[in-house]
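A.B. asks: Using only what follows, build the 3D model:
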Amino acid sequence: MTNLFSSFDPSSMFNLSLNWLSTFLGLLFIPTSYWLIPSRYSFAWNKIILTLHSEFKTLIGNNSIKGSTLMFISLFSMIVFNNFLGLFPYIFTSTSHLILTLGLALPLWFSFMIYGWLNNTTHMLAHLVPQGTPALLMPFMVIIETISNIIRPGTLAVRLAANMIAGHLLLTLLGNTGTDLSILMLIILLIAQILLLVLESAVAIIQSYVFAVLSTLYSSEVN
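C.D. replies: Reported below is the predicted structural model:
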């Protein structure tokens, strides 16, 4: 390994360029609906989907198009599966790359902006100046709101990629010191690694939820 970040390269393991296919491995975790009696896993997954649907429906509002929550539920599912798969050994973490996170955030943001400016132009212009802003500050507020609107896809993408890279780097750095430690320190290191893995599992869920919720909030602003 020539560089610490080379562990995140698409061809770092076994010199194969097929590691991006791990993005589609999450489809295997979606429970099938072909059984007569659903399993507990199917019940749990349906419960998660219904909970997310009710939350996203509240965030979007009543003016949204029917079925629009399905897009955000699918986005959440894809990111959470990819985040979890990245915790397994020799599986490429696709969500730690900006090419994937920007590929998710940019089209969403562009579609919201195009839809909003074409259909609700007055509403979008009103968003640039918050209510109660003094007349003297209005030009500055327009600039600030425009910049904050433009950097939204970047913040979405960087937040997800940085959180995935940070945890994996910490696990890698701690794991590389294991060969030089005594038995007692090795036991402490293993306990720390297990705790970090639990933390990373929580981060995997939280970051995918944050990405989906923020995307939902951005879509609710254009209606």
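A.B. asks: switch to C-alpha atoms for all contacts and neighbour counts from now on
C.D. replies: Noted.
A.B. asks: Now do the SS call for residue 62.
C.D. replies: Of the three states, residue 62 takes coil under DSSP: H, G, I helix; E, B strand; the rest coil.
A.B. asks: typo on my end, it should be residue 87
C.D. replies: Counting by three-state DSSP, the backbone at residue 87 sits in coil.
A.B. asks: okay, and for this structure, where does confidence drop off?
C.D. replies: 1-18, 63-64 (pLDDT under 70).
A.B. asks: on contacts alone, who are the packing partners of the lengthiest helix in it?
C.D. replies: What stands out as the longest helix in the chain, according to DSSP state H, is helix 183-220. Here helix 183-220 touches helix 40-60, helix 68-85, helix 98-119, helix 152-176, going by 3 or more C-alpha pairs under 8 Å, 6 or more residues apart in numbering; DSSP states H and E.
A.B. asks: would JSON lines of these with distance to residue 197 and mean neighbour count be doable?
C.D. replies: Shown next, in JSON lines, are the helices and strands packed on helix 183-220 (distance: least, C-alpha to C-alpha, whole Å; neighbours: other C-alpha atoms under 10 Å):
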{"stretch": "helix 40-60", "distance to residue 197": "22", "mean neighbour count": "15"}
{"stretch": "helix 68-85", "distance to residue 197": "10", "mean neighbour count": "20"}
{"stretch": "helix 98-119", "distance to residue 197": "22", "mean neighbour count": "16"}
{"stretch": "helix 152-176", "distance to residue 197": "8", "mean neighbour count": "17"}
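A.B. asks: Export those as a markdown table, with columns for distance to residue 184.
C.D. replies: Converted to a markdown table, these look like this (distance: least, C-alpha to C-alpha, whole Å):
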| stretch | distance to residue 184 |
| --- | --- |
| helix 40-60 | 39 |
| helix 68-85 | 30 |
| helix 98-119 | 39 |
| helix 152-176 | 15 |
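A.B. asks: and residue 27, which of those helices is closest to it?
C.D. replies: Among those, the nearest to residue 27 by C-alpha to C-alpha is helix 68-85 (8.2 Å).
A.B. asks: And that closest one, how far out from the chain middle?
C.D. replies: In terms of C-alpha atoms, centre = their mean, to the nearest Å, the centre of helix 68-85 is set 8 Å apart from its chain centre.
A.B. asks: just checking, what packs against it?
C.D. replies: Going by 3+ C-alpha pairs under 8 Å, 6+ apart, helix 68-85 lies up against helix 40-60, helix 183-220.
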